[in-house]
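Undergrad: sequence? don't have it. structure:
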């Protein structure tokens with residue numbers, strides 16, 4: 001399975017967000033918690049759980065701006081599992 005297409009990519013979430021993904025396997029419920037958090041911050045991106053590892057699916061198109069990706073990064077730094 002390719003993690004990239006011409007306009008989308010799956011990016012593994014860092015350990016500070018998803019923990020040690022080998023020892024601390026995540027679920028689709030965890031993915032939804034992150035996705036809901038981002039939606040609350042007016043950011044709509046899908047979070048995917050594949051084999052216990054969390055990924056964010058980002059798209060890159062001409063109408064996306066660098067500021068949007070930076071805002072996504074800043075929001076992810078704030079996220080903590082409850």
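TA: Sure thing, it's come through. All values reported here derive from a predicted model rather than from experimental measurement. Residues are numbered from 1 along each chain as shown.

Undergrad: can we go C-alpha only for contacts and neighbour counts from here?
TA: Fine.

Undergrad: What residue in this protein is the furthest from its centre?
TA: Distance from the centre of the chain peaks at residue 62, with 20.6 Å (CA atoms, centre = their mean).

Undergrad: That one belongs to a strand, doesn't it?
TA: No - according to DSSP: H, G, I helix; E, B strand; the rest coil, residue 62 belongs to no strand; its state is coil.

Undergrad: do you know how far it is from residue 71?
TA: Taking CA to CA, to the nearest Å as the measure, residue 62 and residue 71 are separated by 17 Å.

Undergrad: quick revisit: I'd like to know how far the residue farthest from the centre of the chain sits from residue 42.
TA: From residue 62 over to residue 42 the distance is 20 Å, taken as CA to CA.

Undergrad: ok, the closest residue to residue 39 other than its chain neighbours - how many residues close by?
TA: Leaving aside its sequence neighbours, residue 39 sits nearest to residue 45 (CA to CA, 6 or more residues apart in numbering; 7.9 Å). As a burial measure, residue 45 scores 16 neighbours (other CA atoms under 10 Å).

Undergrad: pLDDT weak spots in the protein?
TA: 1-6, 16, 18-23 (pLDDT under 70).

Undergrad: Kindly list the longest strand within it.
TA: Secondary structure of the chain per DSSP state E: the longest strand is strand 53-59.

Undergrad: For the residue at minimal distance from the centre of the chain, which residues are in contact?
TA: In the chain, the C-alpha nearest the mean C-alpha coordinate belongs to residue 56, at 2.8 Å (CA atoms, centre = their mean). Contacts for residue 56 (CA atoms under 8 Å, 6 or more residues apart in numbering) come out as 10, 11, 12, 13, 45, 46, 47, 48.
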